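[1] sequence-free structure coming up:
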């Protein structure tokens, strides 16, 4: 138990617990551990990236605590939430550009915490109307700081400095593999570098949804999307590799279909009392695959990215799941 008192949002990010995932561990004969990032003050792993990006902006003199300033970002939601809360705590404004297809719960939360929310149509990265490009132009027009989470290396650096060392310390160095999904790539790249710096034997595996090009990039060097699509939000890339992934020491990749990810979302909730979102379910599914491939007796760590309440209208909506031909949990059916 920590005896320190945190200084608001900026002091409360990180030092999340590792949780033993009972069913996944029993099925594989391994210790499968989930880093409970939903316990960050903004409710997701993206709090770390948001804080790292803003700390870097302060260090470079782009933002000054207590003085007027604005940060702009294009996001699937969680990074925007972290940025808005962190900005509030230092007296800055936030302008958050989000594709209109993201969950209603995240959009409502962004409005609730005072972000200037700008919704745009969901368009591919090659389109000038893509949310990332819109956010960059807005930042230029406003003379604001553009967070640029996909290519801003302060994102990965935050995880290399905090999340990776936390995992190593919490496992007493007994971690054999780490796996998680990528949106910006910051979480995987930063943790991978931190763990590999401790031991090259730690296996790093990218978890990817269907329809993403990141798994093929890892396994073959080709940026070409796999068949299918996914209801998960904020992970996978259809046509590019974010700058945060450049040079990341990744050993392999697993492509996980939605039904397999949802099986773990629902299992964790009803059997272990852990409410998580779709990306966390995908991460656990990938960890199970990695553990089975390595064999019993290994320790595999993954990320529980955020909580399930942010996806109630999708992951826990029977009509939405049936429309997508996905399994509906018994208690909602």
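    That came through fine. Keep in mind that this is a model prediction, so the values were computed, not measured.
[2] what about stretch 76-96, start to end distance?
    Stretch 76-96 has its terminal residues 10 Å apart, counting by C-alpha to C-alpha, to the nearest Å.
[3] err, stretch 222-236, not the other one
    End-to-end span of stretch 222-236 (C-alpha to C-alpha): 15 Å.
[4] and residue 207, which of the three is it?
    With DSSP: H, G, I helix; E, B strand; the rest coil as the basis, residue 207 sits in strand.
[5] oops, could you answer that again for residue 301 instead?
    Classified using three-state DSSP, residue 301 is strand.
[6] and residue 208, how far from residue 254?
    7 Å (C-beta to C-beta, to the nearest Å). Every C-beta, even on glycine, is put in place using the N, C-alpha and C of the backbone.
[7] out of the two, which sits in the busier spot?
    residue 208 (29 against 23; other C-beta atoms under 10 Å).
[8] my read: that one touches residue 253, true?
    Yes: shown here, residue 208 and residue 253 form a contact pair, counting by C-beta atoms under 8 Å, at 5.9 Å.
[9] which neighbours do the two share?
    Contact criterion C-beta atoms under 8 Å, 6 or more residues apart in numbering; residues shared by residue 208 and residue 253: 214, 215.
[10] quick revisit: which residues do residue 208 and residue 254 both contact?
    residue 215.
[11] now the top helix by length along the chain: buried residues?
    Criterion DSSP state H: the longest helix present in the chain is helix 278-294. The neighbour-count check on helix 278-294 (16 or more other C-beta atoms under 10 Å) flags 278-291, 294 as buried.
[12] output the contacting helices and strands for it.
    helix 22-28, strand 31-36, strand 177-181, strand 203-209, strand 252-256, helix 258-272, strand 299-304 (3 or more C-beta pairs under 8 Å, 6 or more residues apart in numbering; DSSP states H and E).
[13] most distant residue from the middle of this protein?
    residue 67 (29.9 Å; C-alpha atoms, centre = their mean).
[14] skip the chain neighbours and tell me the closest residue to that residue.
    Nearest residue to residue 67, sequence neighbours excluded (C-beta to C-beta, 6 or more residues apart in numbering): residue 91, at 7.1 Å.
[15] and the one you found, what helix or strand is that in?
    Per DSSP states H and E, residue 91 falls between elements, in no helix or strand.
[16] now do residue 50
    Going by DSSP H and E, residue 50 is part of helix 46-59.
[17] residue 106 now?
    helix 104-112.
[18] quick one: residues in contact with the helix or strand just after that helix.
    Using DSSP H and E, the helix or strand that follows helix 104-112 in sequence is strand 116-120. Contact with strand 116-120 is made by 93-100, 107, 110-111, 129, 131, 134, 138, as judged by C-beta under 8 Å, 6+ apart.
[19] let's see that with 10 Å instead.
    70, 72, 74, 77, 80, 84, 93-102, 106-111, 129-131, 133-135, 138 (C-beta atoms under 10 Å, 6 or more residues apart in numbering).
[20] for the record, mean pLDDT for that strand?
    Strand 116-120 shows a mean pLDDT of 96.
[21] the inter-axis angle of that strand versus helix 104-112?
    Here the directions of strand 116-120 and helix 104-112 differ by 140 degrees (axes from the mean of the first three to the mean of the last three C-alpha atoms, to 10 degrees).
[22] run the chain-centre distance for strand 116-120.
    How far strand 116-120 lies from its chain's middle: 20 Å, per C-alpha atoms, centre = their mean, to the nearest Å.
[23] for it, which positions count as buried?
    Going by 16+ other C-beta under 10 Å, strand 116-120 has these buried residues: 117, 120.
[24] that one pairs with which strands, parallel or anti?
    Strand 116-120 sits in its sheet next to strand 93-99 (parallel), going by DSSP bridges.
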